[in-house]
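# dropping the sequence and predicted coords here.
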Amino acid sequence: MNRLPTALAVRESGTGTPLVLLHAFPLGASMWSAQLDGLPGLTGDEARVLAPDQRGFGRTELGTDEPSLDLVADDVALLLDAAGIGRAVLGGLSMGGYVALAFARRHPGRLAGLLLADTKATADTDAARANRERIAAAVLARDSVRLLAEERMEDNLLGPASGHLAERVRGMIAEASPQAVAWAQRAMAARPATLDVLPGLDVPAAVVVGAADTVTPLAEARLMADALPDAELTVIPDAGHLSAIEAPEAFNAAVRALLARVAR
Ligand code: MLT
């Protein structure tokens, strides 16, 4: 675990094409363990994988800025600067995908490729925004994320074949602080739609979704794949919203195929 000047804590493995992976809410970079292990390949030189803990999560401090995913995207640009990387393949799952889309809007020249997993480019409905504010206020008032953990698991984060992962995911959620959870909920509520940005992103892209994802379902994935000029859509059978954890081999195969297209 290195600490870069941006104060983002980052897990890193391998050498080769730079690939930055952005985690879901309210998890941390530890969700990418199978990607950090697998994507550099047996020789270790097929990808340089960097997985930061985004603001407030894992070992990265929250700071005092107002909630905004644009700031999280700018943190990623600073991370690239600090790591000596000009352009990278940027990937995000769910909230990480929202950050990747904010990065694509703000720093398009630094994208070599884009991976959008179990995420969406549409903005929140008013009801979704109100629900995020309810959760933000409740976790702060109770100084506990327990309510969130219960609700998230009830949201069917995992597909029907992934029950064995429930304790691991519950444990990851329990590590989040109420302050980070509230900040991220408010930042996600404020994010704009980014569908109109996608047609201008002329880089290889992969859109990945678990067939059983009910949080950001296949219809959202199709919207993004159709709007991107050069996207391949992969639907992972049986996986739910956390496809990278639930089906790491299928997920990593889709990422490898993207990396091969970037290298051409
Ligand atoms: C996530 O997994 O990051 C969340 O489901 C994103 C969201 O709440 O919209």
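Received the coordinates, thanks.
# burial check on the closest residue to V76 other than its chain neighbours, number of neighbours?
In this structure, V76 finds its nearest non-sequential neighbour in F103, 5.5 Å apart by Cβ to Cβ, 6 or more residues apart in numbering. Yep, even glycine has a C-beta here, placed from its N, CA and C like the rest. Summarising burial for F103: neighbours were counted as other Cβ atoms under 10 Å, giving 27.
# list the buried residues in the helix or strand harbouring F103.
Taking DSSP states H and E as the criterion, F103 maps to helix 95-106. By neighbour count on 16 or more other Cβ atoms under 10 Å, the buried set for helix 95-106 is M95, G96, G97, Y98, V99, A100, L101, A102, F103, A104, R105.
# the ligand versus the second one, what's the distance?
Computed with Cβ to the nearest ligand atom, to the nearest Å, the distance linking G96 and the ligand is 7 Å.
# state the distance from that residue to Q35.
With distances defined as Cβ to Cβ, to the nearest Å, the gap from G96 to Q35 amounts to 12 Å.
# now do the helix holding F103: which elements does it pack against?
Other helices and strands packing on helix 95-106, by 3 or more Cβ pairs under 8 Å, 6 or more residues apart in numbering; DSSP states H and E, are strand 18-22, helix 69-82, strand 88-93, strand 111-117, helix 178-189.
# what residues of the last one count as buried?
It refers to helix 178-189. Residues of helix 178-189 classed as buried by neighbour count (16+ other Cβ under 10 Å): P178, A180, V181, A182, W183, A184, Q185, R186, A187, M188, A189.
# what is the subsequent helix or strand relative to it?
Reading on from helix 178-189 to the C-terminus, the next helix or strand found by DSSP H and E is strand 205-210.
# check which residues of that following strand are buried.
Under the neighbour-count criterion of 16+ other Cβ under 10 Å, strand 205-210 has A205, A206, V207, V208, V209, G210 buried.
# hmm, the third one is touching I236, no?
So that's V207. No. Applying Cβ atoms under 8 Å as the test, V207 and I236 come out as separate, 11.4 Å apart.
# just to revisit the earlier point, got any residues that touch both of G96 and Q35?
L21 (Cβ atoms under 8 Å, 6 or more residues apart in numbering).
# got a list of what S13 touches?
Taking Cβ under 8 Å, 6+ apart as the criterion, S13 is in contact with L36, D37, L39, P40, G44, R48, V49.
# 6 Å instead, please
In this structure, S13 makes contact with L36, P40, V49, judged by Cβ atoms under 6 Å, 6 or more residues apart in numbering.
# so which of the buried residues of helix 178-189 comes closest to the ligand?
Nearest to the ligand among those, counting by Cβ to the nearest ligand atom, is M188 at 5.4 Å.
# and stretch 186-200, does that touch the ligand?
Yes. Using Cβ under 6 Å from any ligand atom, a contact is recorded between stretch 186-200 and the ligand, made by M188.
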